[in-house]
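Engineer: For reference, the sequence and a predicted model appear below.
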Amino acid sequence: MTNRLWVKLMGAFALVIVVGVIVTVVLARQGSATQFSHFMVGNQMVRPDVLQASLAAYYDQHDGWTGIDTAVRQAISASASGDGRYDGQHDGDV
């Protein structure tokens, strides 16, 4: 009789452990997936798709990357705020 109780208790503990591990894995995967949609540049959270669009607009407007160093901060700010693409109006502002 003691042996059957021990088996039932071990089975219950094993089930609790397995359920806990599964819940932990699922929550970790969900958290990781949402974090990859943003990344940090300096102290700003940046959306890569908006940053890419801002840099592409800069490249199209200037026919190259000349002067991009002065516009990178504006592109990062635009992508962090989600306001949209680089508008080219503040080329000298950093």
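Structural biologist: Happy to help now that I have it. Residues are numbered from 1 along each chain as shown.
Engineer: Local confidence estimate at residue 86?
Structural biologist: With respect to pLDDT, residue 86 scores 46.
Engineer: how many other residues sit next to residue 74?
Structural biologist: 19 (other C-beta atoms under 10 Å). C-beta: built from backbone N, CA, C; applies to glycine.
Engineer: who does the one helix or strand residue 57 maps to touch, helix- and strand-wise?
Structural biologist: Per DSSP states H and E, residue 57 falls inside helix 48-62. Secondary-structure packing of helix 48-62 (3 or more C-beta pairs under 8 Å, 6 or more residues apart in numbering; DSSP states H and E): helix 68-81.
Engineer: how does it look with 10 Å?
Structural biologist: strand 39-41, helix 68-81 (3 or more C-beta pairs under 10 Å, 6 or more residues apart in numbering; DSSP states H and E).
Engineer: rank the ones you listed by pLDDT, which is bottom?
Structural biologist: strand 39-41 - the lowest mean pLDDT of these, at a mean of 67.
Engineer: Can you point out the buried residues in the helix holding residue 57?
Structural biologist: 50, 51, 53, 54, 55, 57, 58 (16 or more other C-beta atoms under 10 Å).
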